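Student: sequence and predicted model, in that order:
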Amino acid sequence: MQPQKQQDALNALSGGAVFSGQTKKRGFEALMEKITGVLLVIFFVLAIILVKLSSK
């Protein structure tokens, strides 16, 4: 039985772990994920603040 084309595309893009949580990030990769999340929150908070200030 051959895998479907969709499965091949998803595996190619995600490295094989398609939203399954099978791989746990460790070390540098985990640190970068946490830093990225914090920077994302800071960015959106600042963007909302700037929108509020510019509308006055």
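Tutor: Arrived safely, thanks for sending.

Student: burial check on residue 53, number of neighbours?
Tutor: With neighbours defined by other C-beta atoms under 10 Å, the count for residue 53 comes to 8. All C-beta atoms are positioned from the backbone trio N, CA, C, and that covers glycine.

Student: actually residue 42, not the one I typed
Tutor: 10.

Student: quick one: the helices in this protein, in order.
Tutor: Secondary structure of the chain, counting by DSSP state H: helices at 5-14, 28-54.

Student: any idea which of these has the lowest pLDDT on average?
Tutor: With a mean of 60, helix 5-14 has the lowest mean pLDDT of those.

Student: what is the neighbour count of residue 41?
Tutor: Quick note: residue 41 (other C-beta under 10 Å) scores 10 neighbours.

Student: what about it, distance to residue 25?
Tutor: Residue 41 sits 18 Å away from residue 25, going by C-beta to C-beta, to the nearest Å.

Student: now do residue 40
Tutor: 16 Å.

Student: next: residue 37.
Tutor: 12 Å.

Student: tell me the pLDDT of residue 56.
Tutor: Reported pLDDT for residue 56: 76.

Student: gap between it and residue 49?
Tutor: Residue 56 sits 12 Å away from residue 49, going by C-beta to C-beta.

Student: so which of the two has more stuff around it?
Tutor: More crowded of residue 56 and residue 49, by other C-beta under 10 Å: residue 49, with 10 against 4.

Student: against residue 40, how distant is the more buried one?
Tutor: 15 Å.

Student: contacts for stretch 27-47 next, please.
Tutor: Residues outside stretch 27-47 that contact it (C-beta atoms under 8 Å, 6 or more residues apart in numbering): residue 25.

Student: dump it to CSV, restricted to CA.
Tutor: What follows is stretch 27-47, C-alpha atoms only, in CSV (Å, rounded to 0.1, in the frame of the first residue of the first chain):
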residue,chain,number,x,y,z
GLY,A,27,18.2,22.2,24.2
PHE,A,28,18.8,25.0,21.8
GLU,A,29,15.7,24.3,19.7
ALA,A,30,13.4,24.5,22.8
LEU,A,31,15.1,27.7,23.9
MET,A,32,14.6,29.3,20.4
GLU,A,33,11.0,28.2,20.5
LYS,A,34,10.4,29.9,23.8
ILE,A,35,12.2,33.1,22.8
THR,A,36,10.2,33.2,19.5
GLY,A,37,6.9,32.9,21.5
VAL,A,38,7.8,35.6,23.9
LEU,A,39,8.9,38.0,21.0
LEU,A,40,5.7,37.2,19.2
VAL,A,41,3.6,38.2,22.2
ILE,A,42,5.7,41.4,22.7
PHE,A,43,5.3,42.3,19.0
PHE,A,44,1.5,41.9,19.1
VAL,A,45,1.1,43.9,22.3
LEU,A,46,3.2,46.7,21.0
ALA,A,47,1.3,46.7,17.7
